[in-house]
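Undergrad: Starting from these lines, generate the structure:
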Amino acid sequence: MDQKKRILIVDDESQFRETTKKILERRGFRTMLADSGEAALEQLSQDPDVVILDIKMSGMGGIETLEALRKRRPDLPVIMLTGHGGLASAKEALETGAYDYLTKPCDVDLMISRIMDACQYGKAQNNIEERRVEDVMIPIEEYTTVTESSTVRDAVEKLRASFSCQLSSDKIMETGHRSLLVLDNNGEMLGILTIIDLLRALMPTYLTSAKPSTADSIHYSPMFWSGMFTREVLNLADRPIEDIMSPAPLTIDAGANLMEAAELMVMKKKRRLAAKDGGKIVGVVREQDLFFEIDHILR
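TA: The predicted structure follows:
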């Protein structure tokens, strides 16, 4: 994003505030924190672009805070946070002037999608420009990469870390990308390694090779399978990644229309595309990123 959007997070739970702050700042936003409605009103001088506001707070409640925000900044989009079973309060918030609402626990990709929607708020509907690949992709610096000299063992460690390092609490979740980009020593993309690539590589050749027709009905005994998974994992561990990786994702211009991305995914049966800008990979757009855009349009 060309200019960092300023997000004001208003919640009386410190863990939620701090976790959400770290996640959003890693995704390129600037964040401000307020632990109460009163503190949120004081933060208006920092000119936030979007407010994330919890409905249930001690002291000045979410609806009361929303009303005060609307009086001072009627153009400021406010996304309300509700707990499970909070449909009635969410409806009240929308009637009071909230832009949107999310339910805790909240997936961070969905939250970011709604934030970007809210950033468009205030423009005339017929002047809203359709977003591009660069607006919905995961920036390359957020995607886990490995080099061509890495082993499968190295890749598994990196892939595990991509899950375990994700920040989360019981109210917000950030998930791993479930794949690694494989780069050469010059930073050029060579391929991609997914979990299904690992599983495919574990298959002994005699399981996947063509069998005589008389063997089609063979049912292996439990003894046949015993220990096979562990043995194949250990045999695979020190093989180079290039032996098992998939080809590099298809590329698309970062400024391309989202329908171009959808067409490529459908026609080529791909779940992700690499976005390029000036010949350089700058991000990855995934099928779920396009799903969130579908949700945005329908809402």
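
Undergrad: quick one: the helices in the stretch 101-250 of the chain?
TA: 108-119, 133-136, 152-164, 195-202, 205-208, 222-225, 228-236 (DSSP state H, counting those that start in this stretch).

Undergrad: now for these, which one comes closest to residue 261?
TA: Nearest to residue 261 among the helices of the stretch 101-250 of the chain is helix 133-136; the distance by C-beta to C-beta comes to 5.5 Å. For the C-beta atoms, the positions are set from N, CA and C on the backbone; glycine is no exception.

Undergrad: Can I get that closest one in CSV, CA atoms only?
TA: Extracted in CSV, the C-alpha atoms of helix 133-136 (Å, rounded to 0.1, in the frame of the first residue of the first chain):
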residue,chain,number,x,y,z
VAL,A,133,-4.0,-7.8,-7.3
GLU,A,134,-1.5,-5.6,-5.3
ASP,A,135,-4.4,-4.5,-3.0
VAL,A,136,-5.3,-8.1,-1.9
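
Undergrad: Give me the mean pLDDT for whichever strand or helix holds residue 24.
TA: In this assignment (DSSP states H and E), residue 24 forms part of helix 14-26. For helix 14-26, mean pLDDT rounds to 90.

Undergrad: what packs against that helix?
TA: Contacts defined by 3 or more C-beta pairs under 8 Å, 6 or more residues apart in numbering; DSSP states H and E place helix 14-26 against strand 6-10, strand 30-34, helix 108-119, strand 172-173.

Undergrad: One more pass at 6 Å, please.
TA: In terms of contacts (3 or more C-beta pairs under 6 Å, 6 or more residues apart in numbering; DSSP states H and E), helix 14-26 is packed against strand 6-10, strand 30-34.

Undergrad: Just say which of those is most tucked in.
TA: strand 6-10 (a mean of 24; mean count of other C-beta atoms under 10 Å).

Undergrad: Let me see the residues that make contact with that strand.
TA: For strand 6-10, the external contacting residues (C-beta atoms under 6 Å, 6 or more residues apart in numbering) are 17, 20, 24, 29-34, 40, 43, 48-53.

Undergrad: How far off centre is that strand?
TA: The chain centre lies 19 Å from the centre of strand 6-10; the measure is C-alpha atoms, centre = their mean, to the nearest Å.

Undergrad: same thing with stretch 134-154?
TA: Offset of stretch 134-154 from its chain centre (C-alpha atoms, centre = their mean): 14 Å.
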